[in-house]
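Q: task: produce atomic coordinates for the following.
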Amino acid sequence: MNEIRTSAFSVLVVDDDASIRATYRHILQPPPSELGGLEALISGAGDVVESENLFRVIEADQGETAVDLQRSALDQGVRYQLAFIDMRMPPGWDGMRTAIALRAQDPSIYIVIATAFSDYDVNALQHALGHDVVLLRKPFNQEEVYQLARTLCQSWETRQRLEAITAEMEERVLARTAELDRRNALQSVMVEITTRFVEASAESDIEDAIDVDGSVLYRFNIEKDCYTYSDEWHALGIRPLPAAMHHLPRANVLPAHGRFLRGESFYIDQLADLPEEMTGLRTSLQGYYEQFLVVPLEIGSRLVGFIGVGMVRSKADLDPGGIEPLLRTVGHALARALDAHDASRVLSQNQAMLARSESLGMGGGDRYGEMVGRDVPYLSSAGAIGSALLCGTGAFVSPG
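A: This next block holds a predicted model:
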């Protein structure tokens, strides 16, 4: 198997003996004529090829010099993967002090302490330097030094890759958590805004934002495959929608439903313009609304209903181009608020079921099923924000 490297590991050699430093250099950074020979000898393979030296050797005759060289390299964005350090280097620092100083500047550097004496054992070195320290006894052979350098440098490289992957994963988790926090915060803000609009509409502080005769909110029920009447506002003197309009099967409003699925609005200038597929709707609306604009309520790509405004006269002063942007803004807030309302409602029902079961025992389950199985009338805060924004004062109607 051919192994071709295009970059070299930086190895720092710290020894006061120039001949020993030369030996390290000959082993780790041999001349071109010997390139690949030692690698082949160690691996036992005859087809190992090195395009250049696996290592780049940096020499220092004293510990202080080694620390200065490392600092200068770090300033230039270069890191030493490994340091071979002689234990005794008079008259300057010894190997222990040098290793501690190098590790202080770059905690990732691997340390090999080379000594012919028994001043320190491996445990003492590990305790002083923390981790990744190897004791190399002199005299050493070239195969041992080369293989040790290769193993430690490759380990350093692997560790850096793992740390980079871990850091990237942590950044993604933090970013995802921040996004979820942001969405939760926005949801809370929407609920707060909704509540404030409800209070404001009750005090008639918001009036005539859009001059229409009525507005209505429908929810889309996937299980029943129909739109269900939720809330309605109408001006004084305008009749609320009839009971026949409280449930709109999807099959009866297919042209409008198709536009909603594409995120498009549905506008009719006069009732007679409704498509033939919506004849039943035309009959139900006769005498109520002649002109109306409807936009979908969406959460992401999910259709959850629609909100619409209408006029009792055809070709009235209803400007769809001017109204639609505001209606869509309101619709987005409504969709989020309705989603939060539904989640709260389900939680309340579950809590009620638990309380009911505990109070009635085994027989309470069926009665609770009856209770949660029917429609529970409510005046949704989401409906109220639509009324307040779109229509001002008037009568507010909820099913029930």
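Q: mind listing what the helix or strand where residue 111 lies pairs with, with the direction of each?
A: Using DSSP states H and E, residue 111 maps to strand 110-115. Strand pairing for strand 110-115, using DSSP bridges, gives strand 82-86 (parallel), strand 133-137 (parallel).
Q: the helix or strand just after that strand vs strand 110-115, what angle?
A: Once the chain leaves strand 110-115, the next helix or strand it forms, by DSSP H and E, is helix 122-129. Using axes from the mean of the first three to the mean of the last three CA atoms, to 10 degrees, the direction of helix 122-129 lies 130 degrees away from that of strand 110-115.
Q: check the offset of helix 122-129 from the chain's centre.
A: 42 Å (CA atoms, centre = their mean, to the nearest Å).
Q: any weak-confidence spans in the stretch 201-350 of the chain?
A: For the stretch 201-350 of the chain, applying pLDDT under 70 flags the ranges 201-211, 314-318.
Q: following element in sequence after the helix or strand containing residue 177, please.
A: For residue 177, the element it lies in under DSSP H and E is helix 142-202. Downstream of helix 142-202, the first helix or strand assigned by DSSP H and E is strand 214-221.
Q: buried ones in that following strand, by neighbour count?
A: 214-220 (16 or more other CB atoms under 10 Å). Glycine gets a C-beta too; all of them are placed from N, C-alpha and C.
Q: nearest to residue 331, of the residues you listed?
A: residue 217 (9.2 Å; CB to CB).
Q: you'd agree residue 111 is up against residue 100?
A: No. With contact defined as CB atoms under 8 Å, residue 111 does not reach residue 100; the gap is 9.3 Å.
Q: please say which of these two ends up with more neighbours.
A: With neighbours defined as other CB atoms under 10 Å, residue 111 and residue 100 compare such that residue 111 has more, 25 against 16.
Q: quick check: that one vs residue 352, distance?
A: Computed as CB to CB, to the nearest Å, the residue 111 to residue 352 distance reads 67 Å.
Q: cool, residue 328 as well?
A: Note on residue 328: its distance to residue 352, by CB to CB, is 36 Å.
Q: higher neighbour count, the two?
A: Per other CB under 10 Å, whichever of residue 328 and residue 352 has more neighbours is residue 328, with 17 against 13.
Q: overlap of the contact sets of residue 111 and residue 100?
A: residue 129 (CB atoms under 8 Å, 6 or more residues apart in numbering).
Q: which parts of stretch 62-77 are buried?
A: Applying a neighbour-count criterion of 16+ other CB under 10 Å, one finds 62-63, 65-67, 69-70, 73 buried in stretch 62-77.
Q: which ones among those lie within helices?
A: 63, 65-67, 69-70, 73 (DSSP state H).
Q: chain neighbours aside, what residue packs nearest to residue 20?
A: residue 86 (7.2 Å; CB to CB, 6 or more residues apart in numbering).
Q: if I look at that neighbour, how far off is residue 174?
A: From residue 86 to residue 174 the distance is 45 Å (CB to CB).
Q: for residue 53, same thing?
A: Applying CB to CB, the value for residue 53 to residue 174 is 40 Å.
Q: these two: which has the busier surroundings?
A: A direct count of neighbours by other CB under 10 Å for residue 53 and residue 174 places residue 53 higher, at 17 against 10.
Q: that one belongs to a helix?
A: No. Residue 53 sits outside any helix when classified using DSSP: H, G, I helix; E, B strand; the rest coil, being coil.
Q: for it, what are its contacts?
A: 8, 28-30, 35.
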